[in-house]
Every structure is written in C-alpha cells, then in structure tokens.
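K.L.:
Next input, structure requested:
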Amino acid sequence: MEGPWQTAWNAARRQSDFLDLTDSRFHQNGLVPDRAVFERGFSRWLDQRAYEPDSRGDPAARAALSEFYASEGWALPLDRFLLTAGTSEAYALAFSTLAEAGDTVALPRPGYPLFEHLARHSRLETLFYDQPWAAGWQPDAAELEARLTPRTRFVVVISPNNPTGQVVSQATLSAVADVCRRHDLTLVVDEVFDACWEGPGRLPRPGALFPDVKTLTLNGISKRFGSPDLKLAWIAVSGPRTWADETSAALEFANDTFLSANSFSQFLLPDLIAQMGPWQQGLRNLLGTNRAEAERWMADKPRVAGLLPRGGIHGLWRFDGLPADMDDEAWAVTLLRDERLGLHPGYFYDVDEPGVWLVYSLLKEPAAFREGLKRLSNRLQLAVPGPSSRR
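P.N.:
Numbers count the residues shown, from 1 in each chain. Predicted coordinates for the structure are as follows:
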C-alpha cells in the first residue's frame, strides 16, 4: 500500500513540468563520461580478449588502484585490493565473510537505508550511532561506543556522507578509530563520493591515517567515474599485517566463488583512473555552481537552515516556522502536489532531529536547480506564517 508521499510522487511524475530535486543520476543530468575513453578501451579489450579470471581481480586494475592511492599518500600493495561487481556486493562480501549470523554492524544516522538491507541480507543485526546536526553532522564517537554490544563486529563510516554531504574530519575519524581499537572492531569506510571532494588538501582517508586499525575501504566507478552501469568496485584491506593477510585471503576465497566483476570493466579501470580527470572536474564544477546557488538562496531565507554539501551530492534543509501540523512528509507532499517539485522527507534517511527536514541533490543541471529553488520559494511564501506565528 502506498503512503502519502509515494502517492503524491507518482501523481506529480505524470505532469509535464515535474522537477525532481533529489535526482542523483549522472547521465540524465548531462554528466556523461567521454565516449572515446570507452570506445578505445573496448576496442583494445576485444583485440586481446581472453578470459583469465583472478580471484582478487585483474592485476593491471589493482596496480592502477595501488598507484592511485599512492598518489594520495597511501601505499598499499596489489594483494590488498579485491574487485567486486559494485559496492553493494563489496559490503555483502565483507559482511558475510567476516561475521556470523546474529553479529552486529554499527551504522551512521542520518544514513542511507540500503546498508540496513545489506546487513540483513548477510543475517546481521544493526545498531545506529548519531551524526548530530549540532555537531555539523559529524559522528558522535562517545555515543557510538556507548551503543556497542558484545556482538558488534563492524563500524561503518561514510565520508563524504550521504545524505548530509559532509566529510568526516580527521579529529572525528581519530575518535572513531580509537573506539575500534579499544573494542577490536573492523572499520568499514565508504568513500564512493570521494571525487566530489574539492579540498582543501587531501580527503581524510582512515586507511591511510590509522594503519594500525583494522580497516576495509570501499569505493567504485559508479560515482567516481559516472559509470554505475558497468558495476565495478573494490575493497582495500589495511591494518595490522597478520589481520590484513588473513582477511585478504578470506575475502579472496569468497570472491573466487562468484567472480562477479566482469572482465571489460576491470580492463577499463586503468584508463578511467588515467583519463577521467576532466569529467571529475566537470562534476565538481557543477556541484560548485549549484552549491553557490543554494548558498545565495539560503542567505535571505531565515527560516531555512542547513550545511552546504562539501563532499557529496546530497544535502539537508531544515524548515522552521511551518504550520504546527506540518512534518517532513507533509511538507514534501505539499511541494509535490502544488509545485510538482520532488524532495525526500528527512525520515527516509533516519533524520532524528527537531524540525522539518528535506533532502535535496546538487546534481541537477543548473537551470533546473534554480527552477527548483524558485518553486520552493513560491511555496514557502504561502506556507510560512508571519513572524508572530513562528514556532
């Protein structure tokens, strides 16, 4: 049975002027990777096509990953990488191989609901630790530690984060790493939005910063190279040498059972790393343009609050002073019904903060993004009572 938001969404989508301000699809928003990179790679792959599966992944692809991370100040040998068919499979491989049914994974809140399903698919339980708005959406390491159970095996950190758009600071990462050390936990770091990071400096990568912590770093070509359809991701294993050796071997054995990553995507990976810099800069330019537009828009909206996304493609707005009966879903439904404007209610992402929260994307083509802000302004003028009525 459909809820109110889904019903309104389906109705709005049938209108010719529907505008999805949650849209995070690269290709549909003009961020199509250079066709020539793929055509040249495919031609070369066909010329030398021969199926020679490697249980860790194609050695040339892993060598390219090793060189990339070395350029980021993180030296990892080839045998510390495993290639999978997407990051969802990487999570499932790690969860099912390195834990037992009934063990627990700690997930951040707000967060993306996919991870709960992945944990459940691997017969794991979940617990949540907060990333409070008051702390700039940074993880609360003390609360994380207080919520651990004897069966907790993993702590997941997503940086750059979805949906907050924030990068976890080195100081906060250090506090989370200390929790993992004290309780002998594996830190799972999701960096799929790392190409969105503009700095300053390098992205804080826990695997590089804390070499003594048991760490699995996940990434892939979906967001980094705008190629979710080619289904390729990787796990980088780092930490104490004996643990890293044993963990890499266990993951290799499990990966060999399916060998899901297709050979063309693996063959193409070195080309993507070497040649997709211009595409990534175009992505950052688009995000920067829309970020600046959002900043200008918020400047004269005293009843709209939010931190601008600094590392991801999503962000959160809090709306103050709305009618007392207006919650996340009711506000999102109002925008769909009256403005044909799609935004996600904050509760979709377990936003557990006072106020009315909506999630948006910076990935829209700039003219469409501005139009979305215009429609939002129109509805705010009608929905927000005068100053004396502010909650």
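K.L.:
quick one, what contacts the residue positioned nearest the centre of the chain?
P.N.:
Of all residues in the chain, the one closest to the mean position by C-alpha atoms, centre = their mean is residue 162, 4.5 Å from it. Going by C-beta atoms under 8 Å, 6 or more residues apart in numbering, residue 162 touches 111-112, 193, 312-314. C-beta coordinates here come from the backbone N, C-alpha and C atoms, glycine included.
K.L.:
And residue 250, by the same measure?
P.N.:
By C-beta under 8 Å, 6+ apart, the neighbours of residue 250 are 97-98.
K.L.:
name the element it belongs to?
P.N.:
helix 241-258 (DSSP states H and E).
K.L.:
How about the secondary structure of the nearest residue to residue 223 once chain neighbours are set aside?
P.N.:
Distances taken as C-beta to C-beta, 6 or more residues apart in numbering put residue 192 closest to residue 223, at 4.8 Å, once the chain neighbours are dropped. Three-state assignment for residue 192 (DSSP: H, G, I helix; E, B strand; the rest coil): coil.
K.L.:
Quick check: residue 192 touching residue 221?
P.N.:
No: using C-beta atoms under 8 Å, residue 192 is not in contact with residue 221, being 9.6 Å away.
K.L.:
out of the two, which sits in the busier spot?
P.N.:
Taking other C-beta atoms under 10 Å, residue 192 and residue 221 do not tie; residue 221 has more neighbours (25 against 20).
K.L.:
Which pLDDT does the model give that one?
P.N.:
The per-residue pLDDT reported for residue 221 equals 98.
K.L.:
Enumerate every residue touching it.
P.N.:
Listed by C-beta under 8 Å, 6+ apart, the contact partners of residue 221 are 227-228, 230, 232-233, 265, 269, 272.
K.L.:
let's see 10 Å
P.N.:
With contact set as C-beta atoms under 10 Å, 6 or more residues apart in numbering, residue 221 has these partners: 33, 86-87, 192, 227-234, 265, 268-269, 272-273, 276.
K.L.:
among these, which are in strands?
P.N.:
Judged by DSSP state E, strands contain the following of these: 233-234.
K.L.:
Return the members of the contacts of residue 221 classed as buried.
P.N.:
Applying 16 or more other C-beta atoms under 10 Å to these, the neighbour count classes 33, 86-87, 192, 227-228, 230-234, 265, 268-269, 272-273, 276 as buried.
K.L.:
Keep only those of those residues that are in helices.
P.N.:
Of these, the ones assigned to helices by DSSP state H are 87, 265, 268-269, 272-273.
K.L.:
wait, what's in contact with the nearest residue to residue 160 once chain neighbours are set aside?
P.N.:
In space, and not counting its chain neighbours, residue 160 is closest to residue 311: 2.9 Å by C-beta to C-beta, 6+ apart. By C-beta under 10 Å, 6+ apart, the contact set of residue 311 is 159-162, 164-168, 191, 193-199, 203, 287.
K.L.:
Any of the residues you listed buried? List them.
P.N.:
In the contacts of residue 311, burial by neighbour count holds for 159-162, 164-168, 191, 193-197, 203, 287, counting by 16+ other C-beta under 10 Å.
K.L.:
Please enumerate the helices of the stretch 1-150 of the chain.
P.N.:
For the stretch 1-150 of the chain, the helices defined by DSSP state H, counting those that start in this stretch cover 4-13, 35-47, 59-71, 87-98, 114-121, 141-147.
K.L.:
Just send those back as CSV, with distance to residue 77 too.
P.N.:
Conversion of the helices of the stretch 1-150 of the chain to CSV gives the following (distance: least, C-beta to C-beta, whole Å):
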stretch, distance to residue 77
helix 4-13, 47
helix 35-47, 25
helix 59-71, 7
helix 87-98, 19
helix 114-121, 28
helix 141-147, 30
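K.L.:
ranking those helices by burial, who's on top?
P.N.:
helix 87-98 (a mean of 22; mean count of other C-beta atoms under 10 Å).
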